[in-house]
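Peer 1: Would you be able to build a 3D model of this:
(chains A, B and C)
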Amino acid sequence: MDFVLNTLIDCAIYAVLAVSFDLVIGYSGQFSVAHAAFFAIGAYGTGLVATDFHIQIILAAIAGVAIAAGFGVLIALIAIRVGGVYLVVASLSFQMVVVALLLNVSWLGGSLGVGGIPPPGIFGLEITSPLGYVILFVILAGLTTAVVWWLARSPFGRALKTIRENPVAAEALGKRQTYLKGWAFSIAGGLAGLAGAMYATYITYISSDSFGNNVNILIMAMVIVGGAGTIFGPLLGAVLLVAAPAAITFAPIPASVLGPLEQIAYALMLVIFVGLRPTGIYGLFPFSKSGGPPTTGVGQPKADVVTSEVSS
Amino acid sequence: MVTFFQAVFNGIILGAMYAMVAIGFSVIFTTTKTFHFAHGGIYVAVMFTIAHFAHSTVSLWLLAVPIGFALAIVLGAGIEVGIYKPMRRRMARHTSATYGIFVASLGLLIIFDNLIIIFFGTTAQSQPVTLYGLPVSFSLGSFYFQWAGVFQVATAAIMLGVVALIISSTQFGRSMRAVVSSVDMATLVGAKVNRIYTWAFVLGSALLVPAALLNSVTSGLDPSAGDNIILICVIAGIVGGEGSIVGAALGGLLLGLIQSMSLLVVPSQWGSSAAYIVLIGFILFRPQGLFGQKLWEAGV
Amino acid sequence: MTSAEALLGVEDLSVSFGGVRAVNGVSFDISAGGATSIIGPNGAGKTTMFNLITGAIRRDSGRVRFKGADITGASPAKVASLGIARTFQDLRIFSGMTVLENVMASFQHQLGESPWAVFLVPGRVRHQERDLRGQAMEIIKRVDLKGREHVAAGSLSYAEQKLVVIARAIAMKASVWLLDEPSSGLDTRGVAEVMGTIRNLCADGQTVVIVEHNLSVVREISNRILFLAEGRLIADGTPDEIFNDTALRTVYFGKGNR
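Peer 2: All right, here's what the predicted structure looks like:
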């Protein structure tokens, strides 16, 4: 039973990650590969604020989210300058630098990581049982989904889509890239930070190897397999890609092979879906009237596209 | 304590390695505009395969290298023909989810990485493969060199020369240049673009083999080498400038130097971060690289 | 007309690309009302002019004035919000979005485009959305796309897509319209429709500037023609003046013919 609860907790954490990533890649069409970095920043922010400064955990979590959102603006600045493959590479580098910092800088935890992070609690009441975590995290995941869904449906979401579809035309229609991307990335980053806070208070001990590129691939797979630009697609993707491997752990496969095999499975799903079914699983069902998966999708990273036409 | 000049020499040697892989990547990228992340995957696959065969029996060296070439070419061309080409065609027809090729390539890289781990384990073999019959290293004054390192630099230079020759003087090179400047025009004058693309992958992948071979001797076998090197290739390409193979090679050299020299001032684990910071700097302030043309299209 | 009366004016505008002067010291003023056409041989710098005016590319020198204020160097988004609507020769519609979404996205100063507003004053946002939807449907009806509003713009025919372009521009409620080759790629009926639309706009008192290659359209609807060649403004006059000038004909068509 505990196993099921733990799986649900993982699902909830990844649901937050996938849904928030959809805002960046599905709705705004920005191919940024830095989401795991915000996950890490949120987790570390929460952990460090709670343990180093002995701040109440809920407040520490808020701090973690805020810090992550702030870093989101940093990526937004890059995304405003460049697009396509440049953004991919720059965001990937950002990711690597963040992880390197977390691994090597001692006051950020260093190779020992950050431990002793208190579980979520307020006014003396603490969550200690898996069931408690599940309830809290599912509520948070639900709230996240609701927030992102609400934003996506709003004029703000519509303006984001115009940037995805045709940034030059969007600008000519008065949509400010700076403003819109800034918001999209900081909201997405903040939400990824929330996932980090959730993770930190659940695991209570975090280290930099939980936040590597593997996580990015997993999140990407969830969004693409589920269906980018649909909110519920990534939600589905998150549940699927957490639950399925969880089930496989029962299979008689040696641990040393299990990890890489899982990675291969995720990557394979990514390749297959992006090649044969780019609209994802959700795209199989004609649920949405107009807010469906983008039929033009995210722009193929072309190295010769610098989004700012007024270039240097 | 690594002295300044030793760092420079090490940097040149490292940079030569980067340059070699970057040249192959650049050949592919400038010709087909494909972001072939899987290039790094083929690199490790070739490296481990050659090392595996060469290690088992010394006399299998002669077999190992051709096997390496065969593997590289089959993988490279196979990926192009089996995955990229159908996706490109699909993209042209549907204009749906155009991030496809890049994501697929990234996925392939991950698959390769993990296959290597499954077959060969995660531990990096720091005991380098020895180049049959040759002494490993020599000293000149107070400087230490590996023979393989010297070969690396020589090979890189030769490779660059060969590629430059191919591009400027052969029919294939001409076709490549035609496709680079305009796919539409090239098709108009009868170039079989798909064939040219495939050959670009063949060439680019084949160029990996000397690099992989020499790297296994100088640095040993590391399963994560693919991830590292591909990011270096990308950075080198951006630093060197769009469309410039020579630029990519020089970019690789520069990155090797930066990484090596940075060891003089910061602890070793920051080495690769130096490259990333360089990258972000270029992207923000000089996206056209050092040698590329300004990416300016007249009119919107 | 003096610059003070002009709605939109450019002064000594120049820009070079890789050593070639695409626009070379061009100055003109456009006063409110009426249709001005910019014509010229290929590569004359016509679309570049639009890009310069709207801030899509940075000029090397010169100024752009709109409603008396200097807007040189303003970003395209700012220029749009100030009241200059600009269409593209290659359409650039939002293919993955419906016609309705395309039009609704084009309204300026939407409250709901701010995340703050979306969460803090959802009632007002919803109210504005309803209002805008009504306006959008009106526009869609006006351009004869009624019934297609929920179709993804990417699956429309070329002619319908051009209508979406017009609809988006109408939604901007601009004071000046810069239309880039509005009649290109259309059959005679489509061209007639475009001309009708432009005439209606002028009748409503709008100010329209169009870049056109179709000279019969130009002759039909313009009250003024600006002739650009090799980046320079080489003629500025009424259709009669321009079309009867044999020297200009040579520049446009090359030696000899009509």
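Peer 1: right, is the longest helix out of those in chain B up against chain A?
Peer 2: When chain B is parsed with DSSP state H, its longest helix is helix B:4-32. Yes: applying CB under 8 Å from any CB of the partner chain, one finds that helix B:4-32 is in contact with chain A at B:Phe29. The C-beta positions use only the backbone N, C-alpha and C, and glycine is treated the same way.
Peer 1: give the contact list for C:Ala171.
Peer 2: Neighbouring residues of C:Ala171 by CB atoms under 8 Å, 6 or more residues apart in numbering or on different chains: C:Val103, C:Met104, C:Ser106, C:Phe107, C:Gln135, C:Ala136, C:Ile139.
Peer 1: go again using 10 Å as the cut-off
Peer 2: Applying CB atoms under 10 Å, 6 or more residues apart in numbering or on different chains, we find C:Ala171 in contact with A:173, C:85, C:102-108, C:132, C:135-136, C:138-140.
Peer 1: In terms of pLDDT, where does the nearest residue to it once chain neighbours are set aside sit?
Peer 2: Leaving out its chain neighbours, the residue that sits closest to C:Ala171 by CB to CB, 6 or more residues apart in numbering or on different chains is C:Ser106, at 3.8 Å. If you check C:Ser106, the pLDDT there is 95.
Peer 1: how far away is B:Asn114 from A:Val223?
Peer 2: Look at B:Asn114 and A:Val223: by CB to CB, to the nearest Å, they are 21 Å apart.
Peer 1: Which one of the two is surrounded by more residues?
Peer 2: Each of B:Asn114 and A:Val223 has its neighbours counted (other CB atoms under 10 Å in any protein chain shown); A:Val223 has more, 29 against 24.
Peer 1: residue ranges with poor pLDDT in the chain?
Peer 2: Defaulting to chain A. Scanning chain A for pLDDT under 70 picks out the ranges A:124, A:283-312.
Peer 1: not what I meant, chain C
Peer 2: Ranges of chain C meeting pLDDT under 70: C:1-5, C:254-258.
Peer 1: Mind telling me which residue is nearest the centre of it?
Peer 2: With distances taken as CA atoms, centre = their mean, the residue of chain C nearest its centroid is C:Leu178 (2.0 Å).
Peer 1: buried set for stretch C:82-92?
Peer 2: Residues of stretch C:82-92 classed as buried: C:Leu82, C:Gly83, C:Ile84, C:Ala85, C:Arg86, C:Thr87, C:Phe88, C:Gln89, C:Leu91, C:Arg92 (neighbour count, 16 or more other CB atoms under 10 Å in any protein chain shown).
Peer 1: Out of those residues, the closest to chain B would be?
Peer 2: Closest approach between those and chain B, by CB to the nearest CB: C:Phe88, at 6.7 Å.
Peer 1: Setting aside sequence neighbours, what's the nearest residue to that closest one?
Peer 2: C:Asp180 (5.6 Å).
Peer 1: swap in A:Ala243?
Peer 2: Leaving aside its chain neighbours, A:Ala243 sits nearest to A:Thr7 (6.1 Å; criterion: CB to CB, 6+ apart).
Peer 1: give the contact list for B:Phe172.
Peer 2: Contacts of B:Phe172 (CB under 10 Å, 6+ apart): B:Ile166, B:Arg195, B:Ile196, B:Trp199, B:Ala200, B:Val202, B:Leu203.
Peer 1: Which members of these are the farthest-apart pair?
Peer 2: Greatest spatial distance among those (CB to CB): B:Ile166 and B:Arg195, at 15.6 Å.
Peer 1: the more surrounded of these two?
Peer 2: Higher neighbour count among B:Ile166 and B:Arg195: B:Ile166, with 15 against 11, using other CB under 10 Å.
Peer 1: which residues touch the more buried one?
Peer 2: B:Val27, B:Phe172, B:Gly173, B:Met176, B:Leu203 are the contacts of B:Ile166 under CB under 10 Å, 6+ apart.
Peer 1: And it, how far from B:Val27?
Peer 2: Separation of B:Ile166 from B:Val27 (CB to CB) stands at 9 Å.
Peer 1: which residues are in contact with both of those two?
Peer 2: With CB under 10 Å, 6+ apart as the test, B:Ile166 and B:Val27 both reach B:Met176, B:Leu203.
Peer 1: now do the same end-to-end measure for stretch C:58-71.
Peer 2: Length of stretch C:58-71, first residue to last, CA to CA, to the nearest Å: 12 Å.
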